[in-house]
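Visitor: got a predicted model here, sequence first, then my questions.
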Amino acid sequence: MSHEGSIITEGGTRILVPQLHSTHGPGKKIGPVFFNEQMSFNRDVSVMLLRALERDRIRVGDAMAATGSRSVRIANEVPGTEVVANDISAEAVEWIDANIELNGLSNCTSSKRDMHILFSESSFDYVDLDPFGSPMPFLQSAIRGCARKGILAVTATDMAPLAGAHAVKCRRRYQCEPIRGYMCHEGGLRILMCNVARELAKFDRGMRPLLSFFADHYYRTYVQIEEGANAADRTLAQLGYMEYDMDTLERSTSDVRDEKHPLGPFWLGPLHDRALLDRMSPEGMADERRCVKYLNLWRNELEDQVFVYDMSELSSHLKTSPPRIAEFVELLNQHGRASLTHFSPTEFMTDVPLGELKALFAEASPDSKL
Ligand SMILES: C[S@@+](CC[C@H](N)C(=O)[O-])C[C@H]1O[C@@H](n2cnc3c(N)ncnc32)[C@H](O)[C@@H]1O
């Protein structure tokens, strides 16, 4: 290989990575081939999730493998996997081959194809789509590459459109109206999921989310594909619009777009499969502490609630200092159900009605004790 590399250990796997690589931030190739250290958590999650499926055999198609970091981790750390690590770049394939050899893997092969061609010819039980920026130009091919009842994992790093900072681009790419400000990351994730659902429906296929999250600079969703027109219709029935009234903080959803519900459409169903999360273990992961923290947050999130509240949103609305979030969530749990969320350390979910929520917040504020 013509470029310098160094060997790192991530989880239980050794990975040869370019000397010059990203340490954080969204996908941008800065060395000979793309590698981002910060995405080790993203790769940890793939390993934990695939292990938790507890299947004897999983054919994995890594559409855009770059150095093959995710592919070799899966092949090395998840029993029963047979991995195809694909990338369109000849240079990337050299790094993939080096990583397969470094780990002595007989269950991982490299492939130098355009992913559109790969998935028109071969299908897999698990397809991973991890492009630079938006997955939209590749989504349809990735779906074609999913075998019956396969699992599709999609990353999106184009946060500006999805989180509402660049609404025009979101309308164009995702045909959705994004949320700006409070709830923007939940909105971005649910727009991504809505687009996965709509694309699947074109093939008479539906989905059941296994795990969906926001972290660092990206959104990621893993969905279990369900086959048939009924599954597609059930999936589409979980899309909807929302309104946010900044004067009252009222959020309301609707299954039709009207003047009152201009935002979306969003996926309004659950983000995760609780049983699968319960089987996911952080043991041996590259960043065990971070995995434990996120697993706890995901497991406890209320699955039937959409659109989180932010402590500073309530605080500025009520013009009072916020209580401590952990104590406030505990208080809300005495009046209904509430949880912290993985989206932000200042956000929470609850089914306590808004009027009561505001009264409890004002009561719990340190200002009320002055
Ligand atoms: C963000 S990087 C992937 C990172 C990788 N999954 C990881 O975990 O390190 C995107 C990769 O997609 C590849 N790529 C771009 N277009 C492609 C296509 N049409 N088919 C296959 N690979 C493609 C690029 O060469 C690049 O290596």
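Guide: Nice, thanks for sending it over.
Visitor: enumerate the residues of this protein near the ligand.
Guide: Taking Cβ under 6 Å from any ligand atom as the contact definition, the chain meets the ligand at 27, 34-35, 39, 63-67, 69-70, 86-89, 92, 114-115, 130-132. Placement of C-beta: from N, CA and C, glycine included.
Visitor: swap in 8 Å and give it another go.
Guide: By Cβ under 8 Å from any ligand atom, the residues of the chain that approach the ligand are 27, 29, 33-36, 39, 42-43, 62-70, 86-89, 92, 113-116, 118, 128, 130-132, 138, 155, 157.
Visitor: of those, buried ones?
Guide: Among the residues of the chain next to the ligand, the ones that count as buried by 16 or more other Cβ atoms under 10 Å are 27, 29, 33-36, 39, 42-43, 62-70, 86-89, 92, 113, 115-116, 118, 128, 130-131, 138, 155, 157.
Visitor: take these and keep only those in helices.
Guide: 42-43, 69-70, 92, 115-116, 118, 138 (DSSP state H).
Visitor: following the helix or strand in which residue 222 is found, which helix or strand shows up next?
Guide: If you go by DSSP states H and E, residue 222 is part of strand 218-227. Scanning forward in sequence from strand 218-227 by DSSP H and E, the next helix or strand is helix 229-236.
Visitor: and that next one, which residues are buried?
Guide: Residues of helix 229-236 classed as buried under the neighbour-count rule (16+ other Cβ under 10 Å) are 231-232, 235-236.
Visitor: and what of stretch 332-344?
Guide: Buried residues in stretch 332-344 (16+ other Cβ under 10 Å): 332, 338-344.
Visitor: of all the residues you listed, which comes closest to the ligand?
Guide: Using Cβ to the nearest ligand atom, residue 342 is the member of the buried residues of stretch 332-344 that lies nearest the ligand, at 20.5 Å.
Visitor: report the contact partners of that closest one.
Guide: Counting by Cβ atoms under 8 Å, 6 or more residues apart in numbering, residue 342 touches 213-215, 294, 297-298, 301.
Visitor: pLDDT and secondary structure for the buried residues of stretch 332-344 - can I get that in a markdown table?
Guide: Shown next, in a markdown table, are the buried residues of stretch 332-344 (pLDDT from 0 to 100; DSSP: H, G, I helix; E, B strand; the rest coil):
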| residue | pLDDT | secondary structure |
| --- | --- | --- |
| 332 | 98 | helix |
| 338 | 98 | strand |
| 339 | 98 | strand |
| 340 | 98 | strand |
| 341 | 98 | coil |
| 342 | 98 | coil |
| 343 | 98 | coil |
| 344 | 97 | coil |
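Visitor: shaky segments in this protein?
Guide: For the chain, the stretches flagged by pLDDT under 70 are 1-3, 20-32, 370.
Visitor: how does it divide up, domain by domain?
Guide: 5-300, 309-369 (automatic domain parsing).
Visitor: pick the most buried one from these.
Guide: Mean neighbours per residue, mean count of other Cβ atoms under 10 Å, is largest over the domains of the chain for domain 5-300, with a mean of 19.
Visitor: gap between that one and the chain center?
Guide: Relative to the mean C-alpha coordinate of its chain, domain 5-300 is positioned 5 Å out (Cα atoms, centre = their mean, to the nearest Å).
Visitor: endpoint to endpoint, that domain covers what distance?
Guide: End-to-end span of domain 5-300 (Cα to Cα, to the nearest Å): 41 Å.
Visitor: please enumerate the helices of the stretch 201-350 of the chain.
Guide: 229-236, 274-279, 288-300, 311-318, 325-332 (DSSP state H, counting those that start in this stretch).
Visitor: dump the ones you listed into CSV; add distance to residue 204 as well.
Guide: Below are those laid out as CSV (distance: least, Cβ to Cβ, whole Å):
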stretch, distance to residue 204
helix 229-236, 5
helix 274-279, 25
helix 288-300, 30
helix 311-318, 40
helix 325-332, 41
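Visitor: residue 355: which of these is closest?
Guide: With respect to residue 355, and counting by Cβ to Cβ, the nearest of the helices of the stretch 201-350 of the chain is helix 311-318 at 12.0 Å.
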